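In: Need a 3D model of the sequence below.
(chains A and B)
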Amino acid sequence: MNSFRHIGKSALIAYTILFFAFIYLPIALIAVYSFNADPVNMMRWSGFTTDWYKQIFGLSNKVSETALYIESTDQLIQAVRNSLTVAAITTTIATILGTASALAIYRFGFLGKRFYRVLMFVPILIPDIVLGIALLIFFVGIGISLGIKTIVIGQCTFLISYVFIVVSARLAGMDRTLENASADLGANEWVTFRRIVLPQVAPGVIGGALLAFIISMDDLVITYFISGVDTQTLPIFIFGMLRRGIKPEVNAIAVMMLMFSFAVASLGLYLRTRNR
Amino acid sequence: MTRMDVKSRQRIQLGILLAPPSLLLAVFLICPLAIMVIYSFLAPGLYGGVEWEYYPHNYGRILGFADPEFEEFDPVYIAIFLRSLRIAVITVLVTLVVCYPAAFLVSRLPDRWKSFCLFLITLPFFASLIVRLFIWVLILKQTGFINTVLRHLGVIDRPLEMIYTEGAIIVGLVYIFIPFMFLPVYASVEKLDWTLVRASQDLGATAFQTFLRVIVPLTMPGIVGGSIIVFIPALGNFVVPAVLGGAKVLMLGNLVEQQFLSARNWPFGAALAMMVMTAVLVLLFLYVRSEARRGDDALAVR
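Out: Predicted coordinates:
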């Protein structure tokens, strides 16, 4: 009986290791093969090279001189720039508005509060393709030309929700007695807000902002529909490359993007654990 | 300071906090969704655009009452709808089966390991979706990793057709939705009251009976929650089938994209999107109703 249980437990451990392997082996694989020198078959190892990384940054190397694999570094850089611009603006707007609505719902009772709470979940719950085409129809209908502006507006509609949820969670765990104490000691509302409420919500706001930034950088579906033909963000650029046929430098771009998002996410999670 | 003053000042504060987000959501969320619903009932114009007249045949083309003047009913759309449903359901089941045992083990680990494992599971969620799908293209394609390795080992002499199949789409969906399923399931498993499990064993239940009649019902909220948040994005997904299904295996999302970006039949595209939306709303409705009923049951027991 006991040995049965032992076998069961070993099996479970083995399974869990497999589970994590399923998640991380593909990522390890792409990291390794991004240094593969074979320009045609990316999955046949034929020597170590850093050419694909140089290629991205437009540095001279053997490959680009053959002019066979020039996949417009300019376009890539422009896409990265667009992504960062959009993410910076949307993160700022969504963080302010999301935090404002979370504070409003936390502090005040008002008619339709429950409805409002449900409303804040709508953008996350509707399938992104539906939101994407709804926004496309809307923008074209009222005559706003598609571009950075429409991407920013479109992304804000659902990023607000993410910030709202993160900040609300933080507010729910907050100690209200401190606010009362501050008021009893004669601080006015503004001082109480600045010295008591704000420091306590701050980690939630930063967490929400980081989440919004990452989701904005990564959003493909909604942005795809409302970006127009001239504006590309990074995910759309890669999506386009995949559809046209893959080139080795996509590997290198992919690995750098993974590193970047892992770094940002680790930072966020680290900040969260430290603040507990 | 009078009471009125406090009240009106609070009202102003509330307005300042709530007006901007409300305005944004009303104009750029509610309005577009409403317009999309209206569009799905309008006639397509000859060169893109719409005619402002009531036209139910957008739905007719999908459901079987196509516009008699222009076309005969073609069941291809309903077939793609059913395929999308099937793929989404299979994705839910596979992610559930994959995550459930792992959630159990992780929940029994010492705290430090537990948080490390949770970190490892949340991390991919932050990594670019398109990049994670791209990896599977490299693994599954004709000259991809699996085929190269198998040929090298002499197991096969002609490459297996793995990419551009329904299986490839399901693998891709499972891979990107694992964190979505794991976290709710884990939250339930972690709260599981093990004394009940022991009681069940003491009373002579077999391991299988205990699992089916004690463990599964107790973790049901996590199972249901995880299933819903995997099902919703899986059903209308268009990136995964576009990348891993190619032109061979279409899902609803690809149809919608075609109608908007190449066929330029927006009302029909809107009707297709409404099909996705309706399926999701029905599911959410059933979920809310069963939750309410569960609440009633709990009260009745008390």
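
In: any low-confidence regions in the stretch 151-276 of chain A?
Out: For the stretch 151-276 of chain A, the stretches flagged by pLDDT under 70 are A:272-276.

In: contacting residues around B:Val131?
Out: Contacts for B:Val131 (CB atoms under 8 Å, 6 or more residues apart in numbering or on different chains) come out as A:Ile30, A:Ile238, A:Ala254, A:Met257, A:Leu258. Yep, even glycine has a C-beta here, placed from its N, CA and C like the rest.

In: Run through the neighbouring helices and strands of the helix or strand hosting the second one.
Out: Using DSSP states H and E, A:Ile238 maps to helix A:234-244. When contacts are defined as 3 or more CB pairs under 8 Å, 6 or more residues apart in numbering or on different chains; DSSP states H and E, helix A:234-244 sits against helix A:73-107, helix A:198-218, helix A:221-226, helix A:248-275, helix B:129-140, helix B:239-244.

In: what residues does stretch A:24-38 touch?
Out: Residues contacting stretch A:24-38 (CB under 8 Å, 6+ apart): A:42-53, A:248, A:251-252, A:254-255, A:258, B:120, B:124, B:127, B:131-132, B:134-136, B:138-139, B:145, B:175.

In: Now it - C-alpha only, PDB.
Out: The C-alpha trace of stretch A:24-38 is given here as PDB (Å, rounded to 0.1, in the frame of the first residue of the first chain):
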ATOM      1  CA  TYR A  24      10.200  26.000 -21.100                       C
ATOM      2  CA  LEU A  25      12.000  23.600 -23.500                       C
ATOM      3  CA  PRO A  26      10.500  25.400 -26.600                       C
ATOM      4  CA  ILE A  27      11.900  28.700 -25.200                       C
ATOM      5  CA  ALA A  28      15.300  27.200 -24.600                       C
ATOM      6  CA  LEU A  29      15.200  25.700 -28.100                       C
ATOM      7  CA  ILE A  30      14.600  29.000 -29.800                       C
ATOM      8  CA  ALA A  31      17.300  30.700 -27.700                       C
ATOM      9  CA  VAL A  32      19.900  28.100 -28.800                       C
ATOM     10  CA  TYR A  33      18.900  28.000 -32.400                       C
ATOM     11  CA  SER A  34      19.000  31.800 -32.700                       C
ATOM     12  CA  PHE A  35      22.800  31.300 -32.800                       C
ATOM     13  CA  ASN A  36      22.500  28.800 -35.600                       C
ATOM     14  CA  ALA A  37      24.500  29.700 -38.700                       C
ATOM     15  CA  ASP A  38      22.300  27.900 -41.200                       C
END
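
In: Okay, buried residues for the helix holding A:Ile238 please.
Out: A:Leu234, A:Pro235, A:Ile236, A:Phe237, A:Ile238, A:Phe239, A:Met241, A:Leu242 (16 or more other CB atoms under 10 Å in any protein chain shown).

In: Identify the residues contacting the first one.
Out: What it means is A:Leu234. Contacts of A:Leu234 (CB under 8 Å, 6+ apart): A:Ala79, A:Val80, A:Asn82, A:Ser83, A:Met217, A:Met257, B:Ser128.

In: What is the nearest of the residues you listed to B:Phe208?
Out: Of all the contacts of A:Leu234, B:Ser128 has the smallest distance to B:Phe208: 41.7 Å, by CB to CB.

In: Next one: that closest one from B:Phe134, what distance?
Out: 9 Å (CB to CB, to the nearest Å).

In: Which strand in chain B has the most residues?
Out: strand B:50-54 (DSSP state E).

In: Distance from the chain centre to that one, please.
Out: 32 Å (CA atoms, centre = their mean, to the nearest Å).

In: That one pairs with which strands, parallel or anti?
Out: strand B:42-44 (antiparallel) (DSSP bridges).

In: List the contacts of the strand it pairs with.
Out: Contacts for strand B:42-44 (CB under 8 Å, 6+ apart): B:Val50, B:Glu51, B:Trp52, B:Glu53, B:Tyr54, B:Tyr55, B:Asn58, B:Asn265, B:Trp266, B:Pro267, B:Phe268.

In: Next, count neighbours for the closest residue to the second one other than its chain neighbours.
Out: When the adjacent residues along the chain are set aside, B:Glu51 lies closest to B:Ala43, with 4.1 Å between them (CB to CB, 6 or more residues apart in numbering or on different chains). Neighbours of B:Ala43 under the rule other CB atoms under 10 Å in any protein chain shown: 17.

In: With A:Phe121 instead?
Out: Residues near A:Phe121, counting by other CB under 10 Å: 12.

In: Work out for me the element it sits within.
Out: helix A:113-125.

In: Next, the buried residues of that helix.
Out: Along helix A:113-125, these residues count as buried under the neighbour rule (16+ other CB under 10 Å): A:Tyr116, A:Leu119, A:Met120, A:Val122, A:Pro123, A:Ile124, A:Leu125.

In: Next: stretch B:79-92.
Out: Residues of stretch B:79-92 classed as buried: B:Ile80, B:Phe81, B:Arg83, B:Ser84, B:Leu85, B:Ile87, B:Ala88, B:Ile90, B:Thr91, B:Val92 (neighbour count, 16+ other CB under 10 Å).

In: Quick one: the residues you listed as CSV, columns for secondary structure and distance to chain A too.
Out: Output for the buried residues of stretch B:79-92, formatted as CSV (DSSP: H, G, I helix; E, B strand; the rest coil; distance: CB to the nearest CB, whole Å):
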residue, secondary structure, distance to chain A
B:Ile80, helix, 14
B:Phe81, helix, 14
B:Arg83, helix, 16
B:Ser84, helix, 11
B:Leu85, helix, 13
B:Ile87, helix, 14
B:Ala88, helix, 11
B:Ile90, helix, 17
B:Thr91, helix, 14
B:Val92, helix, 15
